[in-house]
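In: After the sequence you'll find the predicted model.
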Amino acid sequence: MQDLQYITIETGENPIAAVIWLHGLGASGHDFEPVVPELGLPDDAAVRFIFPHAPDLPVTINGGMSMPAWYDIKAMDIDRVVDTEQLRASADAVAKLVEREKEKGIPADRIVIAGFSQGGAVAYEMGLSYPERLGGILALSTYFATADTVQRSEANANVPISVYHGTFDPVVPESLGVRSVETLKDMGYNPTYLTFPMEHSVCLEQIQDIGQFIRRHLL
């Protein structure tokens, strides 16, 4: 996969931390730009937010038509038949963004990987397999697509993980979020799980909680 194109927002000069935030299927990096001012970060917090754009890929559930996607979804059954090779390639591309931030002076343990829906599946794969300790993983309205194959890194055995889901989500049922949390616990992780009365989206209360997560683990 080619290097990802992305949008950058910095909340202050000389950022000391970074958040790489992955959008969902058919969207773009612009989707989550508006959340930055709503996070409630301190006025003096210098954080670099990176919003990558997924490449255009043929997507089976879209009639084979190309659209922005981190990987192909071959069937929308409860187990989500996905192209795991493409998913891992996307995770590798995100890892390159982490390396770029490290070159700019931000250590891996001050970098959070966040993802919504498809982006969350990539965040799980990348965050749990990355060879250096990360600042955290945020999984929004998503599922753990590579739970059976992820090559887990000992460095991130205790990485902070927060999982969020809408109780009325018609796209990624909450049962998949619950399954992800149970799987993570079985693997020895200690994720937090919060639900909100919403569909396949985000809400202000959730964004504010994410802001608290960033304050706790990055600032």
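Out: Here it is on my side, so go on. Numbering: from 1, shown residues only.
In: those helices in this structure, which residues are they?
Out: 84-103, 118-129, 174-186, 204-218 (DSSP state H).
In: got the contact list for the residue sitting furthest away from the middle of the chain?
Out: Relative to the mean C-alpha coordinate of the chain, counting by C-alpha atoms, centre = their mean, the farthest residue is Gly63 (25.8 Å). With contact set as C-beta atoms under 8 Å, 6 or more residues apart in numbering, Gly63 has no partners. (C-beta placed from N, C-alpha, C; glycine too.)
In: Can you verify my assumption that Leu87 contacts Tyr143?
Out: No: the pair Leu87 and Tyr143 does not pass the contact test of C-beta atoms under 8 Å, sitting 11.4 Å apart.
In: list residues touching both of those two?
Out: Ala121.
In: could you measure Ile106 against Asn190, distance?
Out: 25 Å (C-beta to C-beta, to the nearest Å).
In: oh, I was asking about Ala139
Out: Counting by C-beta to C-beta, the gap from Ala139 to Asn190 is 14 Å.
In: Which of those two has more residues huddled nearby?
Out: Neighbour count, other C-beta atoms under 10 Å: between Ala139 and Asn190, Ala139 has more, with 29 against 10.
In: Beta-bridge partners for the more buried one, please?
Out: Assessed by DSSP bridges, Ala139 has beta-bridge partners Gly115, Val163.
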